[in-house]
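S.K.: Here you go, sequence then predicted model.
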Amino acid sequence: MANTVIIGAQWGDEGKGKIVDMLSATSQVIVRFQGGNNAGHTIKVKGEETILHLIPSGILHEGKTCLIGNGVVLDVVGFLSELDMLAERGVDVSPARLGISKKTHLIMPYHKSLDKAREAKRAGQKIGTTGRGIGPCYEDKAARVGLRAGDLADPELVRAKVHHALLEKNILLQELYKFEPLDENAVCEELLSLAPRILPYLCDVEERIQAAVKAGQEVLFEGAQGIHLDIDHGTYPFVTSSNTVASNAATGSGVGMKDIGRVLGIVKAYSTRVGSGPFPTELLDDTGSYMQTAGHEFGATTGRPRRCGWLDAVILRETVRLNGLTDIALTKLDVLQRLPVLQICVGYAYQGQRLDYPPQEEGALARVEPIYEQLPGFEDDISECDSFDALPETVQAYIRRIEELLGVPVSIISVGAERRQTIIR
Ligand code: GDP
Ligand code: IMO
Ligand code: MG
């Protein structure tokens, strides 16, 4: 069986957590390879909801190995609180089945302060970040001054790096942003006091993945965010600070390309976006409100309302070619119930031309006009349908049209938040 990368095909919150959880039943190792606790991945099993921000969504399956790769940025406090939440629910979170790469960069308190300070200063031009310090942490990684999880074993190295960082960050915080400076000793002491809880989890992630591959076990790579939030290929500058594309599963966890076979794109049956940035099919009318209410479209990390709109095949075509999608999991189809017509954006009108792919110039996506195709809606409740044939004709037609437009098969259909509300084709 092929190892699988799971990516969000739109702007995040497509239902990756649900699908990763479901596929974890037949995999042995589940790896996060980018992003941090800006992610919020929801799993619902027998009425109980679990939201994970850092720990891979395979953790609810007993005996599976969950790994946090080098490409992730780790908030130590956030990680430990997630660990405690799971332990309280009786989930085994021992180092025997949960590991962190020593190369994973750490999100420091000054990263969070800078994230918030910059957003506050960008009045009118906010990116709408999650405020989790993601961008500033990746900046330090690229600037080669970041702290990494492995550093926690070396208090002197931690102190030296924090000293160096605060020389610069405190000037920025205080002078430029008029924010509170951070106390070097306090930052070091807090981090070092938590180190003994983190150290047992540090491991050689590459080795653990290779051991699984050699043993013929299946590995799942769990993407966070969505392809159009990718730092290179997304709607720059309204993006996150990591590469969300499938190929980063290799870089962000330390495996070779040949070990990855299947690239499963999670596509929500409509579109949503949290934070700022262009969104051609956004609906600011009753239909958009209907999707928001019916789909409970409120952020799993920040609680912010998600902007809603029609499915955009132009955005998705770009996802297909950027990732080499092998198949699609189509989620939240049940949410579209009772809409009299379903619309799909099949192209953009832009400067007198018809585009099949998003324009690449910064800001241009905000100026395209979506070209829609209309399909009939459906009245029936589909949330208990357990096969493709059991779905109403109109729903089947909607799925087939998506496959035609994208040239990729829909192999999984999700009709409810519960683990069991899933149709495998
Ligand atoms: P992720 O970030 O991609 O993992 O997605 P989120 O967890 O942030 O958001 C998806 C939301 O939709 C969660 O509340 C899920 O419980 C819920 N969900 C997932 N699949 C379905 C589905 O097929 N139908 C409905 N109604 N809800 C779903
Ligand atoms: P999951 O994994 C949806 C968005 C933020 C903001 C932009 C940059 O749950 O799908 P950041 O804090 O990353 O610097 O914010 O990216 N964003 C997400 N939107 N789902 C996510 O994760 C997101 N992670 C970041 O709202 O617009
Ligand atoms: Mg989410």
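M.R.: Arrived safely, thanks for sending. Ligands and ions are numbered 1, 2, ... in the order given.

S.K.: Show me what from the chain comes close to ligand 3.
M.R.: With C-beta under 5 Å from the ion as the criterion, the chain meets ligand 3 at residues Asp13, Gly40, Ala300. Every residue, glycine included, has its C-beta placed from N, CA and C.

S.K.: who's in contact with Val91?
M.R.: Listed by C-beta atoms under 8 Å, 6 or more residues apart in numbering, the contact set of Val91 reads Ile59, Leu60.

S.K.: Give me the phi and psi for it.
M.R.: Note on Val91: its backbone torsions stand at phi -80, psi 130 [degrees, to the nearest 10].

S.K.: again, but for the one 3 residues further on
M.R.: When read as degrees, to the nearest 10, the backbone of Ser94 gives phi -80, psi 160.

S.K.: From Gly58, how far out is it?
M.R.: 15 Å (C-beta to C-beta, to the nearest Å).

S.K.: Settle it for me: which of these two has more neighbours?
M.R.: Of the pair Ser94 and Gly58, Gly58 is the one with more neighbours under other C-beta atoms under 10 Å, namely 27 against 9.

S.K.: my read: that one touches Leu220, true?
M.R.: Yes: Gly58 lies in contact with Leu220 (C-beta atoms under 8 Å); the separation is 6.6 Å.

S.K.: how about CSV for the residues of the chain next to ligand 3, with neighbour count, pLDDT and distance to ligand 1 added?
M.R.: Below are the residues of the chain next to ligand 3 laid out as CSV (neighbours: other C-beta atoms under 10 Å; pLDDT from 0 to 100; distance: C-beta to the nearest ligand atom, whole Å):
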residue, neighbour count, pLDDT, distance to ligand 1
Asp13, 28, 98, 4
Gly40, 19, 97, 5
Ala300, 19, 83, 4
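
S.K.: Count residues in the vicinity of the nearest residue to Thr26 once chain neighbours are set aside, would you?
M.R.: Of all residues not flanking Thr26 in the chain, Glu218 sits nearest, at 6.4 Å (C-beta to C-beta, 6 or more residues apart in numbering). Neighbours of Glu218 under the rule other C-beta under 10 Å: 19.

S.K.: Past the lengthiest helix in the chain, which element shows up next along the chain?
M.R.: The residue-count maximum for a helix in the chain (DSSP state H) belongs to helix 155-171. Next in sequence after helix 155-171, counting helices and strands by DSSP states H and E, comes helix 184-198.

S.K.: Would you mark the buried spots in that following helix?
M.R.: In terms of neighbour count (16 or more other C-beta atoms under 10 Å), helix 184-198 has its buried residues at Val187, Cys188, Leu191, Ala195, Ile198.

S.K.: Check which helix or strand the residue nearest the centre of the chain maps to.
M.R.: Nearest to the geometric centre of the chain sits Ala224, at 2.0 Å (C-alpha atoms, centre = their mean). Following DSSP H and E, there is no helix or strand that holds Ala224.

S.K.: With only the CA atoms kept, save the longest strand belonging to the chain in PDB.
M.R.: Longest strand in the chain, counting residues (DSSP state E): strand 341-350. What follows is strand 341-350, C-alpha atoms only, in PDB (Å, rounded to 0.1, in the frame of the first residue of the first chain):
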ATOM      1  CA  VAL A 341     -29.300  25.300  -6.800                       C
ATOM      2  CA  LEU A 342     -25.600  24.400  -6.400                       C
ATOM      3  CA  GLN A 343     -23.100  26.600  -8.200                       C
ATOM      4  CA  ILE A 344     -19.500  25.700  -9.200                       C
ATOM      5  CA  CYS A 345     -17.100  28.300 -10.400                       C
ATOM      6  CA  VAL A 346     -15.600  26.800 -13.600                       C
ATOM      7  CA  GLY A 347     -13.500  29.700 -14.800                       C
ATOM      8  CA  TYR A 348     -12.600  33.400 -14.200                       C
ATOM      9  CA  ALA A 349     -13.300  36.400 -16.400                       C
ATOM     10  CA  TYR A 350     -10.200  38.700 -16.100                       C
END
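
S.K.: Can you give the distance of that strand from its chain's centre?
M.R.: 25 Å (C-alpha atoms, centre = their mean, to the nearest Å).

S.K.: Which other helices and strands does the helix or strand just after that strand contact?
M.R.: On the C-terminal side of strand 341-350, the nearest following helix or strand under DSSP H and E is strand 353-355. Judged by 3 or more C-beta pairs under 8 Å, 6 or more residues apart in numbering; DSSP states H and E, strand 353-355 is in contact with strand 341-350.

S.K.: Direction included, what does the strand it packs on pair up with?
M.R.: strand 311-312 (parallel), strand 353-355 (antiparallel), strand 369-376 (antiparallel) (DSSP bridges).

S.K.: now the ones you listed in a markdown table, with mean pLDDT?
M.R.: Below are the strands paired with strand 341-350 laid out as a markdown table (pLDDT from 0 to 100):
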| stretch | mean pLDDT |
| --- | --- |
| strand 311-312 | 98 |
| strand 353-355 | 98 |
| strand 369-376 | 98 |
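
S.K.: looking at the ones you listed, which is buried most?
M.R.: strand 311-312 (a mean of 25; mean count of other C-beta atoms under 10 Å).

S.K.: rewinding a little: okay, the strands paired with strand 341-350 in JSON lines with distance to ligand 2 next?
M.R.: Converted to JSON lines, these look like this (distance: least, C-beta to the nearest ligand atom, whole Å):
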{"stretch": "strand 311-312", "distance to ligand 2": "16"}
{"stretch": "strand 353-355", "distance to ligand 2": "24"}
{"stretch": "strand 369-376", "distance to ligand 2": "21"}
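
S.K.: coming back round to it: not counting its own residues, what contacts the longest strand of the chain?
M.R.: With C-beta under 8 Å, 6+ apart, strand 341-350 has contacts from 280-281, 310-315, 336, 354-356, 358-359, 364, 367-377, 398, 401-402, 405.

S.K.: ok, how many other residues are close to Ile68?
M.R.: 27.

S.K.: what's the answer for the one 10 residues further on, then?
M.R.: The burial metric for Gly78, expressed as a neighbour count using other C-beta under 10 Å, is 17.

S.K.: can you list the domains in the protein?
M.R.: Domains of the chain are assigned by automatic domain parsing as 4-101+202-263, 105-198, 267-424.

S.K.: Which stretch among those is buried most, on average?
M.R.: It is domain 4-101+202-263: most buried of the domains of the chain by mean count of other C-beta under 10 Å, with a mean of 21.

S.K.: measure that one end to end?
M.R.: 6 Å (C-alpha to C-alpha, to the nearest Å).
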